[in-house]
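Peer 1: I'll drop the sequence and a predicted model, then ask my questions.
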Amino acid sequence: QVQLVESGGGSVQPGGSLRLSCAPSGFTLDYYTIGWFRQAPGKEREGVSCIRTSFGNTYSADSVKGRFTISRDNAKNTVYLQMNSLKPEDTAVYYCAAGYGLLRQPLFPGEYDYWGQGTQVTVSS
């Protein structure tokens with residue numbers, strides 16, 4: 001059974017940091033694109049960052065460039081999203097997703113096949 005399990009969400013003050021983890025179950029990362037998405041109340045789900053695990057290419061939304069870093073640890077079969085300099089507008093449920101191969105629009109949710117259950121990130125003073 002294919003699953004994606006996220007962890008690492010929580011509450012933090014503005015300017016703080018969190019690291020999210022995405023651990024696939026039932027498949028390995030090879031040849032997949034792993035993306036992080038977020039959805040705030042009343043808003044559409046948006047792409048945050050993604051990585052093509054076999055090549056290491058990464059893509060990030062302009063809103064998080066310079067603050068968020070996506071990486072993978074193939075030995076642990078895990079993808080991470082390091083989030084620094086967090087802002088209140090980063091508050092959302094964060095999801096990881098997996099799509100097989102080289103996706104044409106890697107920050108578009110419709111390109112992905114498998115989704116995790118989501119983890120809440122709250123940035124507030």
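Peer 2: Sure thing, it's come through. Numbers count the residues shown, from 1 in each chain.
Peer 1: Against N74, how distant is S25?
Peer 2: Distance, S25 to N74, by Cβ to Cβ, to the nearest Å: 16 Å. Just so you know, the C-beta spots here come from the backbone N, C-alpha and C atoms, and that holds for glycine as well.
Peer 1: quick one, phi psi at the residue nearest the centre of the chain?
Peer 2: Residue closest to the mean C-alpha point of the chain, counted by Cα atoms, centre = their mean, is W36 at 2.1 Å. Main-chain torsions, W36, degrees, to the nearest 10: phi -110, psi 130.
Peer 1: now swap in P88 and tell me
Peer 2: Residue torsions, per degrees, to the nearest 10, at P88 are phi -60, psi -30.
Peer 1: What separation is there between it and D73?
Peer 2: 30 Å.
Peer 1: can you check S7 too?
Peer 2: According to Cβ to Cβ, S7 stands 14 Å off from D73.
Peer 1: just F55 next, same as before
Peer 2: 16 Å.
Peer 1: cool, and C50?
Peer 2: Distance from C50 to D73, counting by Cβ to Cβ: 16 Å.
Peer 1: before we move on, what about D113?
Peer 2: Distance from D113 to D73, by Cβ to Cβ: 22 Å.
Peer 1: Same check on L81?
Peer 2: 13 Å.
Peer 1: okay, the two: which has more neighbours?
Peer 2: L81 (28 against 12; other Cβ atoms under 10 Å).
Peer 1: Name the helix or strand for that one, please.
Peer 2: With elements taken from DSSP states H and E, the one containing L81 is strand 78-83.
Peer 1: List the strands paired with that strand, with their directions.
Peer 2: strand 18-25 (antiparallel), strand 68-73 (antiparallel) (DSSP bridges).
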